[in-house]
Every structure is written in structure tokens, then in C-alpha cells.
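Asker: Sharing a sequence plus its predicted fold:
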Amino acid sequence: MAVFTELSFDEVTAFFRALGLATPRSLRGITGGIENTNYFVDTDGEAYVLTLFERLTFGQLPFYLHLMKHLAARGLPMPDPVADAHGVILFSLRERPAVVVNRLPGASEAEPTAAHCSSVGECLARLHLAGSDYPRQQDNPRGLQWWNEVVPVLGRYVSAGQRSLLSAELNFQKELALSSTYRQLPRGPIHADLFRDNVLFERGRLSGVIDFYFAGCDTFLFDIAVCLNDWCVDGLTRRPNVERAAAFLGAYESVRRLTSSEHKLLPAMQRAAAFRFLLSRLWDVHLPRQAALLKRHDPSHFERILLMLRGEFALS
């Protein structure tokens, strides 16, 4: 989350009034991500998040917003987009798509325990099952097609060693996607970005899953791999944490059992997840956009994880 478009208090007040919401009492820009403009907006009775979309279009957004409503309606702790008197949930502000969602309680956990990972695993499995009857379709926007597009571009900016790594991993993932085992993997709507900063906890309990704007239809295993690469790797040592991984997978399988194909391809999907975030972080370093408040992420973290998963680097 970041601030690319700076809004005045009066602008937000008028926008809330048009939606039939209470008058804002405070407005604060949110830092931490790199895709959209986000503000915390508090009124006398409720707390909201206002998002302006800097890349996503009016045509792309219904998939994400209605998925959030679909999951929230099934009892999952997801943001629920606010509708106006006509049932509309997608609006325009400063000529950009805009949405208001309820602000979920809690805060992210930078140093998760096995108990935190267990909660995330259970919630992710519930998300996968609850989304199984979601009718809208959209491919993972940061999947194989995107990788094919960005690797040649990044090749003009990165080192020779990084260029070789990106090319080799892309070839591996392309071959994997053609395999019969890969085609057997269960699929459906996935979050695709379930990092520590996108999960909220309140008094030790999982209270919210946020930021669905990289969601798409892909293998459930990709979602699982994204989580393992973030939640189950120690931040300081960058070593895999076996206890946290076991807690995450055990809790996930208590809700939805993995298939034999999923067990077989889990290491390869962890490579895919590391590759995806290495690419996006390299892109943001070499081809950045301007923002009033912007926190970029270090690509070396996922480069190390990818090299380790490929057996080319021992974490120490």
C-alpha cells in the first residue's frame, strides 16, 4: 500500500457524503506497498480504508471486489466493499477507480510463531474452499504470461548472473506448466500475495486478510507456496523454519487435504512463488514509479530463496 495520489480532507469528506457514509473525522495515508493509493478514514462510528487504483482499471476490478464480498459473505475475515444506495461498489475519484471497505481490526505480525502460521494455513484452506463456487474468472495477473513478458525487459537492467538465473528459471517453469502432473493440480481463486503484512491478528487470533488486488485463478499450490516462502522463513537468518512450515501445512490439511500431485510439486511451486516476487521486486527497483509515500522491497531476499530452492545457494 502506498500514496501515489494525495487527497485532501475535503475531497474525502465529499466522497463519503455522496456514498451516504458518516462524515470523516481523520484521514491518514498508508505506507507499506507499491500498487495503490490507500488511506485510513475514521468516522464517529466506523473505520474504513479508501483505495484509489493506480494501475487496475474499471474493467479489471469487479473480479477482486466481488471476490472479497463473496468470501466475506461466507464468514471469512475479509474486507467487505461498501455499496451505495444503488448497490454499486466501484466508484470514481480523481478520475481513478475507487473503493471503500470496512477496516478490519488488528495488526500484522512481523515475527510469526508456529501458532500464527497455523492460523494462516487454516484460513487459506477455508478461502480456497469458499471460493470454489465463485463464478467470475481471471487468470493470475502475475503468472506465467507476465513472467514471459517481464524477463526480457529486466534482462536489460540486471547483472549477467541475475539474467542467467531469470532465464533458467523461466525455462524450468514453462516446462513444468506443460507437464501432466501440473495440469492435475486443483485450481480456483487464490489470494496470490498472502504475505505477513496482508494478514491481521488481534490478541493472537487471525482477524483479517487484506489486499486482494493480485488475486486470480491459479493453482491452490501456488498460494500455499507464497505463504511458505514468507511465513515459514526466518527474517534474520533467511533459513526455512521447519516448525512453522509443519504448523502451516498441518492446519491447511485439517481443512483441505493436499492431493498427491500437490505434494509432489510443492518444491517446484515454491520456486515459482520465489521467482514471481523476485521479478516484481526487481521491476520496482529498476523501473520504479513515483509515490508520496512508498516502501520498496529488497529483491535479494527472494533471489536467495530461489537459489536455495534450486540447490545453488546454501542459506547460512
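Answerer: Happy to help now that I have it.
Asker: Please, which helix or strand holds His116?
Answerer: Here His116 sits within helix 114-130, counting by DSSP states H and E.
Asker: Give the rounded mean pLDDT of that helix.
Answerer: The pLDDT scores in helix 114-130 average 98.
Asker: Keeping just the C-alphas, turn it into PDB.
Answerer: The C-alpha coordinates for helix 114-130 follow below in PDB (Å, rounded to 0.1, in the frame of the first residue of the first chain):
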ATOM      1  CA  ALA A 114       4.100 -21.600  14.700                       C
ATOM      2  CA  ALA A 115       0.700 -20.600  16.100                       C
ATOM      3  CA  HIS A 116       0.400 -17.700  13.700                       C
ATOM      4  CA  CYS A 117       1.300 -19.900  10.800                       C
ATOM      5  CA  SER A 118      -1.200 -22.500  11.800                       C
ATOM      6  CA  SER A 119      -4.000 -19.800  11.800                       C
ATOM      7  CA  VAL A 120      -2.900 -18.600   8.300                       C
ATOM      8  CA  GLY A 121      -2.800 -22.200   7.000                       C
ATOM      9  CA  GLU A 122      -6.400 -22.900   8.200                       C
ATOM     10  CA  CYS A 123      -7.700 -19.600   6.900                       C
ATOM     11  CA  LEU A 124      -6.100 -20.100   3.400                       C
ATOM     12  CA  ALA A 125      -7.700 -23.500   3.100                       C
ATOM     13  CA  ARG A 126     -11.100 -22.000   4.100                       C
ATOM     14  CA  LEU A 127     -10.500 -19.300   1.500                       C
ATOM     15  CA  HIS A 128      -9.800 -21.900  -1.200                       C
ATOM     16  CA  LEU A 129     -12.900 -23.900  -0.400                       C
ATOM     17  CA  ALA A 130     -15.200 -20.800   0.000                       C
END
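Asker: List the buried residues for that helix?
Answerer: Going by neighbour count (16 or more other Cβ atoms under 10 Å), the buried part of helix 114-130 is 114, 116-128, 130. For the C-beta atoms, the positions are set from N, CA and C on the backbone; glycine is no exception.
Asker: okay, Phe275: pLDDT?
Answerer: pLDDT recorded at Phe275 is 98.
Asker: need the contact list for it.
Answerer: Contacts for Phe275 were tallied using Cβ atoms under 8 Å, 6 or more residues apart in numbering; they are 147, 166, 169-170, 173, 302, 306.
Asker: domain assignment for the chain?
Answerer: 9-102, 114-309 (automatic domain parsing).
Asker: With respect to Ser108, which of the ones you listed lies nearest?
Answerer: Closest approach to Ser108 among the domains of the chain is made by domain 114-309 (4.7 Å; Cβ to Cβ).
Asker: just checking, next helix/strand downstream of the helix ranked longest in the chain?
Answerer: Counting by DSSP state H, the longest helix found in the chain is helix 260-286. Using DSSP H and E, the helix or strand that follows helix 260-286 in sequence is helix 300-309.
Asker: what sits against the spatially most central residue of the chain?
Answerer: In the chain, the residue lying closest to the centroid (Cα atoms, centre = their mean) is Asp193, at 2.0 Å. Residues in contact with Asp193 (Cβ under 8 Å, 6+ apart) are 211, 213-215, 226.
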